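[1] model this:
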Amino acid sequence: MELIAGDIGGTKSWLAWLTGEAEGAMHLRFEKVYASADFVSAEALLRQFIAEAQAASLPDVVVLALPGPLHARRVSLTNLDWTVDADALQVALGIAGVHFINDFQAAAAGVATLTAADLVALNPQPAEPGGVRAITGAGTGLGLAFMLADGHGHYRTFATEGGHVDFAPANPLQTRLLEYLRDEYGHVSWERVVSGSAMNDLYRFCCIEHERPLPDAPADGAALVARADSGEAVAEAALDLFVDLYGAWVGNVALLYRPLGGLYIAGGVSVHLQRRMQSPRFMAAAVAKGRMRSVVEHTPISLITSSRLGVAGALALGQAMSRRLPVAPEHQSITRKTRSST
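    From the prediction side, this is the model:
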């Protein structure tokens with residue numbers, strides 16, 4: 001059996017090819033990370049990957065983890081101008097089975113592949129065996145999924161579009177941020193303030209707050225970290241604001257799902273800001289929930305440092321599908337509403 005699995009993101013796409021027996025051990029044939037913007041479509045990306053793998057035959061199965069809700073095997077990606085159709089891909093590439101899953105479903109499945117070395121405890125509390133788990137994270141956008149254990153302790157994963165619920169400010173500064181973003185976008189979701197794509201808006205807002213000139217070019221998270229490390233006060237303020245907002249969002253997830261089995265934070269932004277997220281500031285924002293403070297305080301919260309989480313989860317789900325295990329139908333997105341431009 002030949003399996004390609006991919007974690008497709010707005011910034012990068014990570015693809016891996018496994019070969020072997022579906023019921024036995026499988027081995028990595030080829031793996032590569034691409035800049036998503038370098039390709040006009042998922043088909044072009046897959047053709048490039050297949051060509052570079054130099055395999056003697058086409059894969060039997062392709063499983064792609066995609067940022068967006070599934071509609072009849074079709075996905076319009078949120079932060080990348082692609083619309084991907086599984087049936088069309090099967091025909092175009094001549095591959096028998098093409099399957100889509102939500103990107104944070106793949107991330108959730110990837111949790112089972114982690115080791116202790118892949119995790120940093122931000123709120124070290126004991127996890128409840130069989131307890132609800134949740135995973136959220138800022139990458140290009142803001143993802144969220146949850147996991148429920150069955151009677152045998154095996155976790156099923158469920159996708160959401162929770163990153164697009166309405167943003168709620170927690171103080172006067174954040175209220176002014178909401179007003180600033182509302183003028184720019186209309187509806188303001190949590191993804192507008194907690195994601196890689198939010199960094200430039202947060203920086204521009206802080207420039208206004210500090211009465212500094214607006215930058216000529218957009219600034220991403222890496223640029224803000226570099227500017228803050230060089231002593232720029234506005235960049236430091238923007239990163240502090242981001243950490244406050246991220247902490248508040250994670251606290252909301254703890255209240256929504258009561259994930260006593262573990263609340264996991266994933267995404268490239270989290271890894272790059274690890275030092276700041278390990279600071280007391282992050283958890284202070286997370287637990288600032290008034291009467292429900294103790295709920296968050298008792299939630300085990302961990303930061304995932306593995307950059308391979310999404311593709312590892314997609315590979316695990318792809319292998320399960322290939323073996324025709326009962327888990328395959330359960331990995332269906334519960335979201336049925338088209339993701340808006342929020």
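
[2] and residue 129, how far is that from residue 153?
    7 Å (CB to CB, to the nearest Å). Glycine gets a C-beta too; all of them are placed from N, C-alpha and C.

[3] and what of residue 176?
    47 Å.

[4] between these two, which one's more packed in?
    Neighbours were counted for residue 176 and for residue 153 using other CB atoms under 10 Å; residue 176 has more, 14 against 8.

[5] show me where the stretch 201-342 of the chain has strands.
    262-266, 301-304 (DSSP state E, counting those that start in this stretch).

[6] quick one: which of these is nearest residue 273?
    Closest of those to residue 273 is strand 301-304, at 9.6 Å (criterion: CB to CB).

[7] average pLDDT for that closest one?
    Here strand 301-304 scores 97 as its mean pLDDT.

[8] what distance separates it from the centre of its chain?
    13 Å (CA atoms, centre = their mean, to the nearest Å).

[9] return the list of helices and strands in contact with it.
    Judged by 3 or more CB pairs under 8 Å, 6 or more residues apart in numbering; DSSP states H and E, the packing partners of strand 301-304 are strand 119-123, strand 262-266, helix 268-272.

[10] 6 Å - rerun?
    Here strand 301-304 touches strand 119-123, strand 262-266, going by 3 or more CB pairs under 6 Å, 6 or more residues apart in numbering; DSSP states H and E.

[11] who does the last one pair up with?
    For strand 262-266, the paired strands and their directions (DSSP bridges) read strand 133-138 (parallel), strand 301-304 (parallel).

[12] quick check: next helix or strand after the first one?
    So the one you mean is strand 133-138. Next in sequence after strand 133-138, counting helices and strands by DSSP states H and E, comes strand 142-149.

[13] can you list contacts of that following strand?
    Residues from elsewhere that reach strand 142-149, judged by CB atoms under 6 Å, 6 or more residues apart in numbering: 104-105, 108, 130, 133-137, 155-160, 162-163, 190-191, 194-195, 257.

[14] equivalent analysis for stretch 294-312, please.
    7, 14, 16, 65, 106-107, 110, 113, 118-123, 125, 127, 251, 254-255, 262-266, 270-271, 277, 286-287, 289.

[15] ChimeraX command for the buried members of those residues?
    Per 16 or more other CB atoms under 10 Å, the buried members of the contacts of stretch 294-312 correspond to this ChimeraX selection:
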select :7,14,16,65,106,107,110,118,119,120,122,123,251,254,262,263,264,265,266,270,271,277,286,287,289
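
[16] low pLDDT regions in this structure?
    22-23, 324-342 (pLDDT under 70).

[17] domain boundaries for it, per the record?
    Here the domain assignment for the chain is 2-106+308-330, 115-305, based on automatic domain parsing.

[18] picking up where we left off before, which neighbours do residue 129 and residue 153 share?
    By CB under 6 Å, 6+ apart, no residue touches both residue 129 and residue 153.

[19] and the closest residue to residue 132 other than its chain neighbours, backbone torsions?
    Leaving aside its sequence neighbours, residue 132 sits nearest to residue 259 (CB to CB, 6 or more residues apart in numbering; 4.9 Å). Dihedral pair for residue 259: phi -80, psi 70, per degrees, to the nearest 10.

[20] same question, residue 19
    phi -130, psi 150.

[21] element containing the closest residue in space to it that isn't next to it in sequence?
    What sits nearest to residue 19 in space, not counting adjacent residues and going by CB to CB, 6+ apart, is residue 29, at 4.7 Å. Remark: residue 29 resides in strand 26-35, with elements defined by DSSP H and E.

[22] relative to strand 26-35, how tilted is the next helix-or-strand element following that strand?
    Counting by DSSP H and E, the next helix or strand C-terminal to strand 26-35 is helix 42-53. With axes from the mean of the first three to the mean of the last three CA atoms, to 10 degrees defining the directions, helix 42-53 sits at 120 degrees from strand 26-35.

[23] contacts for the host helix or strand of residue 109?
    Using DSSP H and E, residue 109 sits within helix 103-110. Applying CB under 6 Å, 6+ apart, the contact partners of helix 103-110 are 65-67, 135, 143, 145, 147, 157, 159, 266, 309-310, 312-314, 316-317, 331.

[24] looking at this protein, which helix is longest?
    helix 233-257 (DSSP state H).

[25] let me see the residues that make contact with it.
    Here helix 233-257 makes contact (CB under 6 Å, 6+ apart) with 132, 134, 136, 146, 170, 190, 193-194, 202-203, 206-207, 210, 212, 224, 227-228, 263, 276, 281-282, 285-286, 289, 292, 295-296, 299.

[26] taking those one by one, which sit in helices?
    Using DSSP H, those in helices are 202-203, 206-207, 224, 227-228, 276, 281-282, 285-286, 295-296.
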